[in-house]
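Student: predicted model and sequence below, questions to follow.
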Amino acid sequence: MGYVKGKSTLMIYDRHPELQSKWDKSFWTRGYYVSTIGNITEDAIKKYIREQSEESRKEENRSTSL
């Protein structure tokens with residue numbers, strides 16, 4: 001998964017160079033979510049995204065307070 005995230009980041013930056021300065025080194029969050037299609041709902045995806053956003057903000061706050 002790290003490989004896919006790394007390569008996709010490079011592709012995005014290649015197509016949209018203005019985004020490089022916006023995210024510095026952390027374009028994607030550390031984790032990733034995997035589930036089978038039959039067991040996932042739209043609500044579950046929205047919940048995951050919301051929780052990841054909250055976790056990212058917490059990590060950012062921890063790193064800036066050091």
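Tutor: Yep, it's here. Here the structure is a predicted model, which means the values were calculated and not measured. Residues are numbered from 1 along each chain as shown.
Student: and the residue of the chain most remote from its centre, which of the three is it?
Tutor: Distance from the C-alpha centroid of the chain, by C-alpha atoms, centre = their mean, peaks at residue 38 (23.4 Å). Three-state call for residue 38 (DSSP: H, G, I helix; E, B strand; the rest coil): helix.
Student: and residue 33, by the same measure?
Tutor: Three-state assignment for residue 33 (three-state DSSP): coil.
Student: residue contacts, it?
Tutor: Listed by C-beta atoms under 8 Å, 6 or more residues apart in numbering, the contact set of residue 33 reads residue 48. Using the backbone N, CA and C atoms, a C-beta is placed for each residue, glycine as well.
Student: alpha carbons of the host helix or strand of residue 7, in CSV - could you do that?
Tutor: Counting by DSSP states H and E, the element that carries residue 7 is helix 2-15. Extracted as CSV, the C-alpha positions of helix 2-15 are listed here (Å, rounded to 0.1, in the frame of the first residue of the first chain):
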residue,chain,number,x,y,z
GLY,A,2,2.9,2.3,0.7
TYR,A,3,4.1,1.9,-2.8
VAL,A,4,0.7,2.7,-4.3
LYS,A,5,0.4,5.8,-2.1
GLY,A,6,3.9,7.0,-3.0
LYS,A,7,3.5,6.5,-6.7
SER,A,8,0.1,8.1,-6.8
THR,A,9,1.4,11.1,-4.9
LEU,A,10,4.2,11.6,-7.5
MET,A,11,1.6,11.3,-10.3
ILE,A,12,-0.7,13.9,-8.7
TYR,A,13,2.2,16.3,-8.1
ASP,A,14,3.3,15.8,-11.7
ARG,A,15,-0.1,16.8,-12.9
